[in-house]
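Novice: got a sequence here, can you model it:
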Amino acid sequence: MTAPINPPPLEHGDRIALVAPSDPIDDERLEIARDRLRDVFDLEPVVFDTAKRDSEWLEANPEVRAEDLMKAFEDDSIQGVMAVTGGDDQLRILPYLDPDRITETPKRFFGYSDNDNFRLLLWNHGIVSYGAVCMPTLAVDRQIHPYTERYLRRAFFEERVGEIQPAKEWSDGWYDFDTREPRKWHENDGWDWRGDRGVSGRLWGGCFSILNWQLQTDRYLPASGALDGAVLALETSEDIPYAQDVGYLLRSLGERGWLQRFSGVMVGRPRTFAPHVDREIGFEEYRKRLHDEIAKQLDRYNPNATAVFNVDFGHTDPLVPIPIGSEVRLVPRGERIVFE
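Specialist: Next comes the predicted model:
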């Protein structure tokens with residue numbers, strides 16, 4: 001396999017396209033994100049057409065969402081592309097994408113959650129992408145969390161994300177834009193390692209729901225051999241899936257012959273609260289259930305794989321905008337994670 005392509009970093013003053021290949025966000029949150037791109041990162045946001053549309057229109061026009069995304073990559077005045085938020089319908093734009101129009105001039109794409117559909121397509125074409133969006137990454141809280149800001153600066157402006165450290169605190173509280181009250185933050189007890197063998201490989205994966213849909217669709221997956229020695233990234237969304245369903249996904253990967261191919265697994269710290277979820281879930285209990293279900297399937301299909309849990313990426317705060325498609329090194333004995 002050829003080495004992955006890491007698109008060139010942005011420079012201060014560069015223009016970054018804001019697009020909605022999934023859902024839109026309201027004007028207030030979009031304006032907060034735009035202001036922070038300008039004031040904190042010295043970037044010039046350019047709002048593309050889809051980011052100005054409502055959700056009903058976007059759902060009815062997947063081909064237009066795809067076209068807007070491709071135009072952002074083709075526009076020579078644009079140096080980076082960021083999704084305004086996630087959603088649950090991006091899978092439907094993939095048939096309308098022309099990979100040649102995206103890979104001709106690779107640019108850094110920022111997105112996660114539903115945007116992992118597009119990021120996995122980029123992976124198939126050897127292009128690295130980064131896990132951040134306007135909402136919530138840039139819009140929540142009275143200011144961007146310093147941990148998120150530090151690693152987002154690396155994703156914007158440096159050649160690589162490099163070595164990361166655990167955040168000192170975390171929150172899965174829901175930020176109230178009406179009251180602007182600070183969220184409750186908890187002390188972080190760090191990463192949890194399984195195995196003591198150092199491994200490295202190209203990072204593949206993302207949000208549980210998206211991996212599930214991709215496997216069910218079976219149209220946009222890489223050749224299985226492309227995953228030999230790769231590292232699997234896995235995180236759960238604000239839908240808070242049952243831990244056993246996450247285990248079932250890994251079991252299916254095992255029966256497909258894929259779970260055995262990964263040299264390591266990197267699991268994101270789970271979210272355990274969202275207003276639309278009608279069951280109460282304790283963080284420690286849910287985290288343990290996820291750990292046990294994932295470890296159970298690794299013991300069954302890939303006992304030699306190194307795994308690290310509770311990593312700061314995905315639907316958690318603060319976060320590292322992990323570069324899907326890049327090389328990552330997991331070093332249990334030094335408790336290190338390094339994006340090469």
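Novice: residues in contact with stretch 144-152: which ones?
Specialist: When contacts are defined by C-beta atoms under 8 Å, 6 or more residues apart in numbering, stretch 144-152 is touched by residues 36, 40-41, 132, 137-138, 161, 164, 167-168, 312, 317-321. (Glycine included, C-beta is placed from N, CA and C.)
Novice: restricted to strands, list those.
Specialist: Secondary structure from DSSP state E places residue 164 of those in strands.
Novice: go through the contacts of stretch 144-152 and say which is closest to residue 288.
Specialist: Using C-beta to C-beta, residue 312 comes nearest to residue 288 of the contacts of stretch 144-152, at 18.4 Å.
Novice: measure that closest one to residue 201 for me?
Specialist: Plainly put, residue 312 is 20 Å away from residue 201 if you go by C-beta to C-beta, to the nearest Å.
Novice: when those two are compared, which one has more neighbours?
Specialist: Between residue 312 and residue 201, counted using other C-beta atoms under 10 Å, residue 312 has the larger neighbour count: 23 against 19.
Novice: who's residue 200 bridged to?
Specialist: Residues in a beta bridge with residue 200, per DSSP bridges, are residue 329.
Novice: neighbours around it, how many?
Specialist: For residue 200, using other C-beta under 10 Å, the count is 18.
Novice: can you pull the pLDDT of it?
Specialist: Note on residue 200: pLDDT of 97.
Novice: just residue 2 next, same as before
Specialist: With respect to pLDDT, residue 2 scores 64.
Novice: again with the one 10 residues further on
Specialist: Looking at residue 12, its pLDDT reads 98.
Novice: can you check the one 5 residues further on too?
Specialist: Per-residue confidence for residue 17 comes out at a pLDDT of 98.
Novice: the contacts of stretch 144-152 in helices, which ones?
Specialist: residue 36 (DSSP state H).
Novice: other residues contacting the top helix by length along the chain?
Specialist: Criterion DSSP H: the longest helix present in the chain is helix 283-301. Under the contact criterion C-beta under 8 Å, 6+ apart, helix 283-301 has outside partners 172, 186, 192, 194, 234, 236, 240, 243-244, 246-247, 250-251, 253-254, 259-260, 265, 267, 269-270, 272, 305, 307, 309-310.
Novice: go again with 7 Å.
Specialist: Residues from elsewhere that reach helix 283-301 (C-beta atoms under 7 Å, 6 or more residues apart in numbering): 192, 194, 243-244, 246-247, 250-251, 254, 259-260, 265, 267, 270, 272, 305, 307, 309-310.
Novice: just stretch 94-109 next, same as before
Specialist: Residues contacting stretch 94-109 (C-beta under 7 Å, 6+ apart): 5, 7, 10, 62-63, 66, 70, 73-74, 78-81, 117, 121-122, 125, 127, 129-130, 220.
Novice: among the residues you listed, which lie within strands?
Specialist: 80-81, 129-130.
Novice: now, among those residues, which is nearest to residue 56?
Specialist: Nearest to residue 56, judged by C-beta to C-beta, of these is residue 81 at 23.8 Å.
Novice: thinking the closest one is in contact with residue 73, fair?
Specialist: Yes: Residue 81 lies in contact with residue 73 (C-beta atoms under 7 Å); the separation is 6.5 Å.
Novice: neighbour-wise, which of these two wins?
Specialist: Using other C-beta under 10 Å as the criterion, residue 81 and residue 73 rank with residue 81 on top: 26 against 20.
Novice: the more buried one and residue 31, how far apart?
Specialist: Per C-beta to C-beta, residue 81 is found 19 Å from residue 31.
Novice: again, but for residue 172
Specialist: With C-beta to C-beta as the criterion, residue 172 and residue 31 are 25 Å apart.
Novice: same deal with residue 19?
Specialist: In terms of C-beta to C-beta, residue 19 sits 16 Å off from residue 31.
Novice: more neighbours: the two, which one.
Specialist: residue 19 (26 against 14).
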